[in-house]
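# Here is a sequence with its predicted model. Questions after.
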Amino acid sequence: MIRRYKVHSQIGKYKATFEMVLDDSDRNGKTLSHMRELIFKHDHQEVPATALKHFYEQFQEMAILGNSQNDLIPPDFKAYVMGDALCLKFWREEQVIERTDFLDKQVYLSDPQEWDDQLSWWREDQENELLTLAGVPLTKSKPKKRRAVPA
């Protein structure tokens, strides 16, 4: 079962709320890489290995999206395959670093080049099913020809 979750993460003094598309099999540690990236981006410091034992995640189910990846619409499929997260809030306990309360401009954290690379790998391996699920046309459409109307 694939579901949309709101994930509340904490590592040390940093907290964040993410939105992710995950399956039921293994959900542990899914936001750790995103937390480390945000901490480095905002505070310009690496997360030490000793702080990793103080990493917590709390999952809150928002919606059931389908039984398998075949049931997902292309944006959800992309978020699922790339392990992408939509950052709703990110803050340090003593200071708010970034807070987004109005979700007018939703921006995923992944690099768009990663998605393009993933699509090119699937094209090379001829993974047509995955390309179809991603909403990418498999072949270029032929131009439509019009017949002359007899006068």
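Nice, I can see it.

# use CA for all of it now, contacts and neighbours both
Fine.

# tell me the contacts of I73?
By C-alpha atoms under 8 Å, 6 or more residues apart in numbering, the contact list for I73 reads L133, A134.

# Please report the distance of it from M35.
Separation of I73 from M35 (C-alpha to C-alpha, to the nearest Å): 26 Å.

# what do you get for L86?
In terms of C-alpha to C-alpha, L86 sits 12 Å off from M35.

# which one of the two has more residues nearby?
Set L86 next to M35 and count neighbours by other C-alpha atoms under 10 Å: M35 wins out with 23 against 19.

# That one in helix, strand or coil?
Secondary structure for M35, judged by DSSP: H, G, I helix; E, B strand; the rest coil, is helix.

# Cross-check the contact I'm expecting between A16 and W91.
Yes. Counting by C-alpha atoms under 8 Å, A16 touches W91, with 6.3 Å between them.

# Between the two, which has more neighbouring residues?
Neighbour comparison, A16 and W91: the larger count goes to A16, with 22 against 19 (by other C-alpha under 10 Å).

# Next, count neighbours for the closest residue to the more buried one other than its chain neighbours.
Spatial nearest neighbour of A16, chain neighbours left out: F90 (4.2 Å); criterion: C-alpha to C-alpha, 6 or more residues apart in numbering. Number of residues near F90 (other C-alpha under 10 Å) recorded here: 23.

# repeat for M1
Other residues within reach of M1, judged by other C-alpha under 10 Å, total 12.

# How about Q126?
12.

# Wasn't it part of a strand?
No. The assignment for Q126, made by three-state DSSP, is coil rather than a strand.
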